[in-house]
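Participant: Let's see this in three dimensions:
(4 chains)
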Amino acid sequence: MAEIRSLRDAVAGLIHDGDTVAMEGFTHLIPFAAAHEIIRQGITDLTLVRMTPDVIYDQLIGMGAARRLVFSWGGNPGVGSLHRFRDAVENGWPRPLELDEHSHAGMANRYVAGASRLPFAVLRGYRGSDLPKRSSTISTVTCPFTGEELAAVAAVNPDVTVMHAQRADRAGNVQLWGLVGVQKEAALAADRVLVTVEEIVDELAPMPDAVVLPSWTVSAVAHVPNGAHPSYAAGYTVRDNEFYQAWDPISRDRETFLAWMREHVLEAS
Amino acid sequence: MAEIRSLRDAVAGLIHDGDTVAMEGFTHLIPFAAAHEIIRQGITDLTLVRMTPDVIYDQLIGMGAARRLVFSWGGNPGVGSLHRFRDAVENGWPRPLELDEHSHAGMANRYVAGASRLPFAVLRGYRGSDLPKRSSTISTVTCPFTGEELAAVAAVNPDVTVMHAQRADRAGNVQLWGLVGVQKEAALAADRVLVTVEEIVDELAPMPDAVVLPSWTVSAVAHVPNGAHPSYAAGYTVRDNEFYQAWDPISRDRETFLAWMREHVLEAS
Amino acid sequence: MTVNAARALHGSRTCFVGIGLPSAAANLARRTSQPDLVLIYESGTLGSKPTRLPLSIGDGELADTADAVVSVPEIFNYWLQAGRIDVGFLGAAQVDRYANINTTVIDRGPDRPEGRLPGAGGAPEIAASCRKVLMVLRHSRRNFVERLDFVTTVGHGSGPGDRARLGLLGQGPVAVITDLGVLRPDPETAELVLTEIHPGVTVEQVTEATGWKLRVADSVGVTEPPTQAELAALRALKSGGEPRA
Amino acid sequence: MTVNAARALHGSRTCFVGIGLPSAAANLARRTSQPDLVLIYESGTLGSKPTRLPLSIGDGELADTADAVVSVPEIFNYWLQAGRIDVGFLGAAQVDRYANINTTVIDRGPDRPEGRLPGAGGAPEIAASCRKVLMVLRHSRRNFVERLDFVTTVGHGSGPGDRARLGLLGQGPVAVITDLGVLRPDPETAELVLTEIHPGVTVEQVTEATGWKLRVADSVGVTEPPTQAELAALRALKSGGEPRA
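Facilitator: Predicted coordinates for the structure are as follows:
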C-alpha cells in the first residue's frame, strides 16, 4: 500500500545509488520536482530510463547523476539539442555516459514486456536500421506459425519508476489523465513506484481517459503541487514552453548550467 | 469511414457465408440483435470467434450457422452449460462443430496480436496443460535474451467483428464504456467492423473508462436500441439475469429451442 | 463451504475471483474479516465492491464499484501474468490427487463421444501466476478422480518440483475446500491430504467420496461452524443489501 | 516548404505527425484543402484539431481536441504498426539518395568523437508502417549526403525491392520536400530525382546543395507559389487563432 510521504523522505527511502530509475511522462506529467530532489540528495551512478530524456535528464546527466541512459529520442522537444546530454556523450563531461538506444516503438514495447513480466516483447521494427548493431537489448524471434522474423526487445524492469500525476486519494490510489504516455507500463514494470501529485483528495472522481494505479501498486505518494514544471499536469498547470526555449542558452555552457542548477535546484527545496 | 445503415443492410453487406466472425463483449455489450439478424438472413458456414461463446453463440450454433468455434470458455455464466453448444460438439446436431480451444489469456493475446497486425503473441501460459495438444494455434518461442521458453499464440484476424456500443456520433465515431472487454482489440483485428449502438448523438461527450473507435476504423453503425439484450449496455440497459436463467430450460431440448427461435428471432425483426 | 472458503482468504490482500462459489466466498471475506480485500475479476475490474452477489463476472455493479476498469487483455497481461495477485480462486469439474484440474472434456467410454465441459477460461494462467490458489468444489467420486480425462490446469503436476520445472510462478493450490472438509497438499509429496472435516462429517464419508485412496492427516481437525455474523453477511450478499443487525 | 509539404498530403485521410515542420504542414493541410485530415501524434492522440501550432507533441491542446487519447504503446502497436495510417511525415538530419535517414550520430572525423543527434524516436517504424512517407528538411550538402554515417531509418534501402526484402509494409518515401524544391524516387531505381523547384530557385542551386550527383528529371516543374489563403492559414496557426478574412 502506498504511504503518503514527503518528497525528501520518499526519494531517500526508495532511490539508491546505482539504481535503474525510469522517470516517465511523455512530455506531460514529467516528474521534475522528484528529479531535483534526487540531485539535491546527491544520488548517483543511476541508469536512467526514459523514452524522451528531455530537459529533466539533461539536468540529471549534467549534474553527474547518471552512468547510463536507456532511451529513444534525446532532444528538447520543439527547441533543439539537449546540450548536457550531448556534452556527456561527446566529451564525457561531467562523466562518460553509456547509451542503450532504441526507437520509440521498441522502448514502448520494452515497458509493456516489463509490466507483463515477460522477458521480451515482439514488434515489427528496426528492419534495416543500424540500431540493433549498437544494442544488446534488440534481437529477433521467428514466428512459429508463419516463419516471419520479427524484432524482439528485452523487457525493462526499473528498480524504481518515478512519475507525476494529477491526484491521489488518502489511501494512495493514484489518478492521472490526459496524455498518459507509457506511465502505467513504467509503473507496473518497476519494483518500486514513487508518484508526486498535484493534489490529495478524499475521493477520486472518475475522469475521462484516466489511468488509476491502485494503492497496492504504488510505494509512496508525495504531495508536490506544480511538481511537473516546466512540464505540466492537464487540468492543473500548463506547459511552460518559454522555459523549454530558455533552457537552450542556459544549458549550452557548462558554467551557466551549473550556476542555474545551484540557484534553482541545489539551493532551493 | 463508417456508414450509418440499417441492421439488415449492414449485416447483408458485411457478413457472408464462410466468414470468420468475432462477436465480442465480455458479458457486457454482447451484440445479440446482430446475431439474430445473421440467423434471419440464413448466413452460414461461419467460423465464430469469441472468448466466452455465451447464449449468443448457443443460438447461432443451434441454428446451424457455424462450422467452427474459436473460444476459451463456453458456458452460460452463473447458470450452467450451453446446451446447444454441447449438443453440436457431442452429437453433431444440427451439424458438427470444429473447435479451436484456448485459455482466456491466450484468446485475449490472439486479439492483441491481431490488432497489432503481428502474426503471433507471447505469453506465459498453457504450461503443463493438454490444451496445446488439441490446437494448431498454440506453440512456443524461446526468449532470445534469457532462453526461457514461452507460449506463442497465433493472431486472430476476423473477416468481420460485430459489437454493440452505447453510442455513435453522426460521423460514425463509436464510444463504449464500462466493461470494455476485448472489443477494441477485436475491432482493430478485423477487416470489417459492424457496431450496433443504443443511440446516435450529435457529439460524443467524453466519459470515464471509455473506448472510442474513430469512424475510419468502423465499416458500419446501426442504430439498435437494446441491441445487447439479454446482455446490457451500461448507462442504458441492465443485464437480464432472469433471461440467462430461463435460457437453460429453453435450450435443453432441441424442439423447445427451435420453437423459441422461431417465435423470438425468425418471425421477429 | 462458502464460509470456509472465505476464511481461507485470511491474510491475503488481492484475490482474482471466478464467478460462482469463489465470488461468493471472496465477497463474504470482504464483508467479514477482510474488509480491505481487493477483488479482481477477469472481466477487467480492479477493486470491485459489489453490494450483492453478481450472477456473472460481467454484472455492471462490478465495474461501477471498482477502483479501476481495464481491458481484458490488460487484466491478464499486466495484472495476472505479472504475478501481482495473492490468491486465485478456482472451481473444477475434475480434480486429481495433485490438485490438477479438468474443465474441458469428460471421457464417457469408448462407445460415447466425449462429454463437453465449458473449457479453460482463465484457470490455467490463474493457477500459474497467483501467489497461491484456493479451490472450491463439491466432494464426489465424479469430481475427485484417480486420473483426469484431460489436464486443463496444472495444480502440482505429477508431484514435488513439477511446478518449478514447468516455470509456474506461484506456489499452486494450497487448499481444496469442499462441502465435506478441506484437503491440503502434503509439503513433501504435494499430494492432497484430508486435514479438516466439517462438523458432523466423518473421515469415512470423505474417503468414500474420493476417487483415489485419499491420504488422511494424522490428526484431522474439525472446521469451526459458521458464526452468526458470517451467516448474516452471506444472507445479506445473496439478498442484495447490507447485513442486518 | 511548409505550404508544399501541406499540399503533398492531398488525398490522404490519416497522418502520423512528427513535431516541427511536419506538424506545421499537417495542420496547414487540415486548415486549407484537407479539413477531414486525421492527425495522429505519437504522444497518443487520434484526431487532434489544434487551433495553434503545438511546440511539442505533448502540448495539452493535442489531447483536449482529440477524438481519442490512447497510451503510447497502443499508438505504436495498434495504430502505427498495424498499417492503418496513410502518411508518415518525417524530418531528418542526413538523407541519402535512397531517402534513408540518419538521426543518430554524425561522424566528425577520426580525431573527434561522434556528434550526437537526438536519435530515432518514432521514425524507423513510421517509415516502415505508414502507407507512404513524406520527408521535409532544409537542403544542404550537410543534410543531403553521399553516404549516411548511420542508418537510423530505412527509406528505400539500397534500391528497388529492398523494402519488400526487409518486410517493410508501406511504399516508403514518396517525396522529399525541401526549401529548394521536391525530390521523388524514380519508379525504376528508387533513387531520388529532382522533379520540382520552387519559384526563383535554379536546378544548379539544388544540385550544388546536394552531396551526391543528383539526378534531375527530364522536365523539372516549378511549384505553385503559396496562395493568399495558404499564407493566411499559416499565419493564423502560428499566431494561435482562426485565419482572418
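Participant: strand partners of the top strand by length along chain C, parallel vs antiparallel please.
Facilitator: Taking DSSP state E as the criterion, chain C has its longest strand at strand C:215-222. Sheet pairing of strand C:215-222 (DSSP bridges) gives strand C:192-197 (parallel).
Participant: C-alpha coordinates for the helix or strand just after the partner strand, PDB please?
Facilitator: Next helix or strand after strand C:192-197 toward the C-terminus (DSSP states H and E): helix C:203-208. Extracted in PDB, the C-alpha atoms of helix C:203-208 (Å, rounded to 0.1, in the frame of the first residue of the first chain):
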ATOM      1  CA  VAL C 203     -13.500 -39.200   7.700                       C
ATOM      2  CA  GLU C 204     -15.000 -42.300   6.000                       C
ATOM      3  CA  GLN C 205     -17.600 -40.100   4.300                       C
ATOM      4  CA  VAL C 206     -14.800 -38.100   2.700                       C
ATOM      5  CA  THR C 207     -12.600 -41.100   1.700                       C
ATOM      6  CA  GLU C 208     -15.700 -42.700   0.300                       C
END
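Participant: ok, residues contacting helix C:203-208?
Facilitator: C:H139, C:T178, C:L180, C:G181, C:L194, C:I197, C:K213, C:L214, C:V216, C:V220 (Cβ atoms under 8 Å, 6 or more residues apart in numbering or on different chains). For glycine as for every other residue, the C-beta is placed from the backbone atoms N, C-alpha and C.
Participant: Tell me how far it lies from the chain's centre.
Facilitator: Relative to the centre of its chain, helix C:203-208 is centred 21 Å away, using Cα atoms, centre = their mean, to the nearest Å.
Participant: go on, stretch C:86-106?
Facilitator: Centroid separation for stretch C:86-106 versus its chain: 8 Å, with Cα atoms, centre = their mean.
Participant: Can you point out the buried residues in that stretch?
Facilitator: C:86-106 (16 or more other Cβ atoms under 10 Å in any protein chain shown).
Participant: what does the stretch 151-269 of chain A have sitting close to chain D?
Facilitator: Proximity of the stretch 151-269 of chain A to chain D, by Cβ under 8 Å from any Cβ of the partner chain, involves residues A:178-182, A:184-185, A:209, A:231-232, A:234, A:238-239, A:241, A:244.
Participant: Give me the buried entries from the residues you listed.
Facilitator: Applying 16+ other Cβ under 10 Å to these, the neighbour count classes A:178-182, A:184-185, A:209, A:231-232, A:234, A:239, A:241, A:244 as buried.
Participant: Closest to chain B out of those?
Facilitator: A:D209 (6.9 Å; Cβ to the nearest Cβ).
Participant: how close does that closest one sit to chain C?
Facilitator: 13 Å (Cβ to the nearest Cβ, to the nearest Å).
Participant: again with A:L194
Facilitator: Going from A:L194 to chain C by Cβ to the nearest Cβ gives 18 Å.
Participant: export stretch A:10-26 as PDB, just CAs?
Facilitator: Output of stretch A:10-26 as PDB, limited to C-alpha atoms (Å, rounded to 0.1, in the frame of the first residue of the first chain):
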ATOM      1  CA  ALA A  10      10.200   9.200  -0.400                       C
ATOM      2  CA  VAL A  11      13.300   9.800  -2.600                       C
ATOM      3  CA  ALA A  12      15.700   8.900   0.300                       C
ATOM      4  CA  GLY A  13      13.700   5.800   1.000                       C
ATOM      5  CA  LEU A  14      13.200   4.500  -2.500                       C
ATOM      6  CA  ILE A  15      16.100   5.600  -4.700                       C
ATOM      7  CA  HIS A  16      19.600   4.500  -4.100                       C
ATOM      8  CA  ASP A  17      23.000   4.900  -5.800                       C
ATOM      9  CA  GLY A  18      23.300   2.600  -8.800                       C
ATOM     10  CA  ASP A  19      19.500   2.000  -9.200                       C
ATOM     11  CA  THR A  20      17.800   1.800 -12.600                       C
ATOM     12  CA  VAL A  21      15.300   4.600 -12.500                       C
ATOM     13  CA  ALA A  22      12.600   5.400 -15.000                       C
ATOM     14  CA  MET A  23      11.100   8.900 -14.800                       C
ATOM     15  CA  GLU A  24       8.400   8.800 -17.300                       C
ATOM     16  CA  GLY A  25       5.800  11.200 -18.700                       C
ATOM     17  CA  PHE A  26       5.600  11.700 -22.500                       C
END
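Participant: just to revisit the earlier point, TSV for the contacts of helix C:203-208, including pLDDT?
Facilitator: Converted to TSV, the contacts of helix C:203-208 look like this (pLDDT from 0 to 100):
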residue	pLDDT
C:H139	97
C:T178	96
C:L180	97
C:G181	97
C:L194	98
C:I197	97
C:K213	97
C:L214	98
C:V216	98
C:V220	97
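Participant: Can you say which of the residues you listed are buried?
Facilitator: With neighbours counted by 16+ other Cβ under 10 Å, the contacts of helix C:203-208 contain buried members at C:H139, C:T178, C:L180, C:G181, C:L194, C:I197, C:L214, C:V216, C:V220.
Participant: So what pairs up with the residue nearest to the fourth one when sequence neighbours are not counted in the strands?
Facilitator: Read it as C:G181. Spatial nearest neighbour of C:G181, chain neighbours left out: C:I197 (3.9 Å); criterion: Cβ to Cβ, 6 or more residues apart in numbering or on different chains. As for beta bridges, C:I197 partners with C:G181, C:V222 under DSSP bridges.
Participant: show me the residues around C:I197 that make contact.
Facilitator: C:L180, C:G181, C:V182, C:V203, C:Q205, C:V206, C:V220, C:G221, C:V222, C:T223.
Participant: Report pLDDT for the nearest residue to A:G178 once chain neighbours are set aside.
Facilitator: Leaving aside its sequence neighbours, A:G178 sits nearest to A:A234 (Cβ to Cβ, 6+ apart; 3.3 Å). On pLDDT, A:A234 comes in at 95.
Participant: Kindly report the same for the one 3 residues further on.
Facilitator: According to the model's per-residue confidence, A:T237 sits at a pLDDT of 95.
Participant: before we move on, what about A:S269?
Facilitator: At A:S269, pLDDT is 64.
Participant: Which residue is the nearest non-sequential neighbour of the residue of chain A found nearest chain D?
Facilitator: Using Cβ to the nearest Cβ, the single residue of chain A nearest to chain D is A:T27, 2.1 Å away. Leaving aside its chain neighbours, A:T27 sits nearest to D:G58 (2.1 Å; criterion: Cβ to Cβ, 6+ apart).
Participant: Is the one you found within a helix or a strand, and which one?
Facilitator: Going by DSSP H and E, D:G58 is not in any helix or strand.
Participant: burial measure for C:Q228, as a count.
Facilitator: 7 (other Cβ atoms under 10 Å in any protein chain shown).
Participant: Run through the helices of the stretch 101-250 of chain A in chain order.
Facilitator: Taking DSSP state H, counting those that start in this stretch to define them, one finds helices in the stretch 101-250 of chain A at A:104-116, A:183-189, A:241-252.
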